[in-house]
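In: how would this look folded up:
(one chain, ligands or ions: 1)
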Amino acid sequence: MKIRFEGLTKRFPNRNKKIKDDVVAVDNFTFEIPDGKLIGLLGPSGCGKSTALNLICGLETATEGKIFFDEDDVTDLPAENRGVGMVFQSYALYPHLTVKKNIMFPLQNLKGEEKMTKQQMEEKALEAAKIVQIEELMERKPSEMSGGQQQRVAIARALVKMPRVLLLDEPLSNLDARLRIQTREEIKRIQNTTKITTIFVTHDQEEAMSISDMIVVMKLGKINQIGKPQEVYDNPVNLFVAKFLGTPPINVFDGVIKGGKLYIGDEEIMGQSYVKGVKDQEVTVGIRPEGFILVPNEKGELDGKKGVFTVNLQAIEVMGRDTSVVFGHEKSEGRLRAIVSSDNAIDADSKVVKFNLNPKKVFVFSKETEERLV
Ligand code: ATP
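Out: As a prediction, this is how the structure comes out:
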């Protein structure tokens, strides 16, 4: 089922009496989530992700705007009639109930035509347990299971009513690193099997990028960009999105466009064809770590002695397949990083390293608005 938002807005009164303005937790959402896809809703803490989910499932009411499930306007529909399954960060399982009873729980209060016999409920619970592959654990209590297994029970409980939409609010944050990766793959598999339109909320960009068909990047209640993960990574619309996606993060420099060419410090790093049509001005330049290219010397060695851009070498970190060149630059703050092939020949004692740059990995932003210029 597709979900459509039209001008969806949620304001909360500001509890800080000195500030009169409301908090706009969700600001004028207008977009459509296609049927059967997994969407990553991504943004820093406090940007409005949980509020957006609560609006979709009906735990919060919208201040303005509308939500449609296919063509049905569900904006004012009570939560229990929306057909939404929800999984929270804390699994919130009932500790005294077995897995089976936990999964069956949402079916117990169904009324009228929907009312089920115990046997029907058990069948449905088993079906849901099979999807998340915990059918062997039905008689256990939550305390007798790992965090990952508990989270699967929570997902099974959300699936048992066969929801039209599945919402997952930071479902992996209580798991350790290895389990997180396993469980996120599991969520992808479950979504692929059920084809239920799923919204997955996280502040972890890597998590969102790795499993989503589409990501929605939010900042301060506003949508900054929507697209396939790779497209958004390759084409960020502004500095915020460019900085938010990618590990290691994008390297940011003060730059200037002069005579139609892009400079960082005294070095011309991109020629006229690159910044075509953009007027001369001070800019912010973002360069992805994989955008630094070592130029081979006469012997074919990648020694970092030639190139258009010079940086101050701080450390070489060997990571197996790749090497991370850690450096500083007078036009940037902090430690910066380039990722290069591990068969490079950079002398770890040299003070500087030179690179050429891959134009597809270099982005130019307005200093004033932080919007992308090139
Ligand atoms: P996190 O990742 O930390 O959970 P989030 O992106 O989910 O954050 P929300 O919880 O949706 O963010 O909050 C968005 C904004 O709305 C925040 O500024 C928050 O302080 C504010 N907010 C949320 N709920 C209320 C409320 N009931 N009353 C007032 N302000 C609220």
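In: and stretch 323-330, which residues are buried?
Out: 323, 324, 325, 327, 329 (16 or more other C-beta atoms under 10 Å). Just so you know, the C-beta spots here come from the backbone N, C-alpha and C atoms, and that holds for glycine as well.
In: what does stretch 162-180 give?
Out: 163-172, 175, 179-180.
In: got it, and stretch 90-106?
Out: 91, 93, 98, 99, 100, 101, 102, 103, 104, 105, 106.
In: With adjacent residues omitted, what lies nearest to the first one?
Out: What it means is residue 91. In space, and not counting its chain neighbours, residue 91 is closest to residue 154: 4.1 Å by C-beta to C-beta, 6 or more residues apart in numbering.
In: if I read this right, the one you found contacts residue 94, doesn't it?
Out: No. At 11.0 Å, residue 154 does not count as touching residue 94 under the criterion of C-beta atoms under 8 Å.
In: what about the helices in the stretch 201-350 of the chain?
Out: Taking DSSP state H, counting those that start in this stretch as the criterion, the stretch 201-350 of the chain contains helices spanning 205-211, 229-234, 239-244.
In: Confidence-wise, which of those is weakest overall?
Out: Note on those: helix 205-211 shows the lowest mean pLDDT, a mean of 92.
In: and that helix, anywhere near the ligand?
Out: No. Using C-beta under 6 Å from any ligand atom, helix 205-211 never reaches the ligand; the gap is at least 12.4 Å.
In: Which residues belonging to that helix are considered buried?
Out: 205, 207, 208, 209, 211.
In: sorry, back to before: what helices or strands is the helix or strand containing the residue nearest to residue 91 leaning on?
Out: Assessed by DSSP states H and E, residue 154 sits inside helix 147-159. Here helix 147-159 touches strand 84-87, helix 99-104, helix 118-131, strand 165-169, helix 177-194, going by 3 or more C-beta pairs under 8 Å, 6 or more residues apart in numbering; DSSP states H and E.
In: Which residues does it contact?
Out: 85-88, 91-93, 99, 102-103, 105-106, 125, 128-129, 131-134, 137, 142, 145, 166, 168, 171-172, 174-176, 179, 182-183, 186-187, 190, 194, 196 (C-beta atoms under 8 Å, 6 or more residues apart in numbering).
In: one more time with 7 Å, if that's ok
Out: Contacts with helix 147-159, where a contact means C-beta atoms under 7 Å, 6 or more residues apart in numbering, come from 85-87, 91, 93, 99, 102-103, 105-106, 128-129, 131-132, 134, 137, 142, 166, 171, 174-175, 179, 182-183, 190, 194.
In: list the contacts for the residue of the stretch 151-300 of the chain found nearest the ligand?
Out: Going by C-beta to the nearest ligand atom, the ligand is nearest to residue 203 of the stretch 151-300 of the chain, at 5.1 Å. Contact analysis of residue 203 by C-beta under 7 Å, 6+ apart lists 43, 44, 45.
In: Please check those residues and keep the buried ones.
Out: By 16+ other C-beta under 10 Å, these give residue 43 as buried.
In: Reformat the contacts of residue 203 as CSV; add secondary structure and pLDDT.
Out: Supplementary listing: the contacts of residue 203 in CSV, determined by DSSP: H, G, I helix; E, B strand; the rest coil; pLDDT from 0 to 100:
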residue, secondary structure, pLDDT
43, coil, 94
44, coil, 93
45, coil, 92
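In: out of the contacts of residue 203, who's nearest residue 248?
Out: Nearest to residue 248 among the contacts of residue 203 is residue 44, at 17.7 Å by C-beta to C-beta.
In: Which one of the buried residues of stretch 323-330 is nearest to the ligand?
Out: Once C-beta to the nearest ligand atom is applied, the member of the buried residues of stretch 323-330 that ends up nearest the ligand is residue 324, at 28.9 Å.
In: Against the ligand, how distant is residue 349?
Out: Distance of residue 349 to the ligand, given as C-beta to the nearest ligand atom, to the nearest Å: 44 Å.
In: And the pLDDT at that residue?
Out: Value for residue 349, per-residue pLDDT: 95.
In: Just the pLDDT for the residue lying closest to residue 143 once chain neighbours are set aside.
Out: Excluding the flanking residues, the one nearest residue 143 by C-beta to C-beta, 6+ apart is residue 95, at 6.2 Å. Here the pLDDT value assigned to residue 95 is 94.
In: Renumber starting at 48 from here on
Out: With 48 as the first residue, the last one maps to residue 142.
In: If anything else comes up later, I'll come back, but that's it for now.
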